[in-house]
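# okay, predicted coordinates and the sequence, questions at the end:
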Amino acid sequence: MASGSKRSKREARRRQAQAKARRNKILIWSGVGVVALAIVSFLVFQPLPEELADVETFANIGQDHLETGENPPIYNSSPASSGNHASVPAQCGIYVSEIPDQVQVHNLEHGAVVIQYQPDLDPDEIVLLQVYARSKSSHILLAPRAGLSDPVVLTSWTRMLRLPSGDIETIDLYYDHFAFTGPEVGVPCPFAVDESV
């Protein structure tokens, strides 16, 4: 009789230990989840630096490929920052001619940042922009664009920043915040073209 009582006490202690271990696991994993959520929330919702206060955000108007011969849509920003686009993106790098909206939007979808400048921008500023673009190993395009509202315009997926000059510090902040943020992040776009040399 005593051995049965000892056995049932041991069984009760074993069950209590198992229940305590389960509670501890739940508490640990809950804590890990809360910390992870806090980190993600901080990264996603942290305020932008003051230099990026003028970043404009546009509605996502689509991200499908255009059929052969199909005209691009009327984009909701100029340069375009989202919308249906060409089936083949441009290679990342430096261009001396304009990149059509329907092509650049595909790059933006992959998380690229496109830097465009008025063709009559000071040549020294253009050189600085080229040097900056070369400093990035991927997901950056630099090209002139006629008809820009401002001397330099940066675009990423659904975002745009207009600048009065080629302010490299602000451009670098923009790149750090918005490169690799398109809906198809992970598609490689290594720096492969340099038409300026």
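Arrived safely, thanks for sending.
# can I get the CA coordinates of whatever helix or strand residue 177 lives in in CSV?
Element membership for residue 177 (DSSP states H and E) is helix 168-178. Extracted in CSV, the C-alpha atoms of helix 168-178 (Å, rounded to 0.1, in the frame of the first residue of the first chain):
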residue,chain,number,x,y,z
ILE,A,168,24.6,62.9,-51.3
GLU,A,169,23.9,62.6,-47.5
THR,A,170,20.1,62.8,-48.1
ILE,A,171,20.3,60.4,-51.0
ASP,A,172,22.2,57.9,-48.9
LEU,A,173,19.6,58.2,-46.1
TYR,A,174,16.9,57.6,-48.7
TYR,A,175,18.7,54.5,-50.1
ASP,A,176,19.3,53.1,-46.6
HIS,A,177,15.6,53.5,-45.7
PHE,A,178,13.9,52.5,-49.0
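# which stretches of the chain form helices?
2-45, 101-109, 123-134, 168-178 (DSSP state H).
# I figured residue 80 was touching residue 104, is that so?
Yes - judged on C-beta atoms under 8 Å, residue 80 makes contact with residue 104 at a distance of 6.8 Å. C-beta here means a position set from N, CA and C on the backbone, and glycine is covered the same way.
# per-residue confidence at residue 69?
Looking at residue 69, its pLDDT reads 90.
# what about it, neighbour count?
5 (other C-beta atoms under 10 Å).
# now swap in residue 166 and tell me
Residue 166 has 21 neighbours, counted by other C-beta under 10 Å.
# from residue 140, how far off is residue 102?
19 Å (C-beta to C-beta, to the nearest Å).
# who has more neighbours, these two?
Neighbours were counted for residue 102 and for residue 140 using other C-beta under 10 Å; residue 140 has more, 23 against 20.
# what sits against residue 121?
By C-beta atoms under 8 Å, 6 or more residues apart in numbering, the contact list for residue 121 reads 144, 151, 152, 166.
# measure the first one to residue 195 for me?
If I follow you right, that is residue 144. According to C-beta to C-beta, residue 144 stands 11 Å off from residue 195.
# what do these two both touch?
With C-beta under 8 Å, 6+ apart as the test, residue 144 and residue 195 both reach 95, 96, 97.
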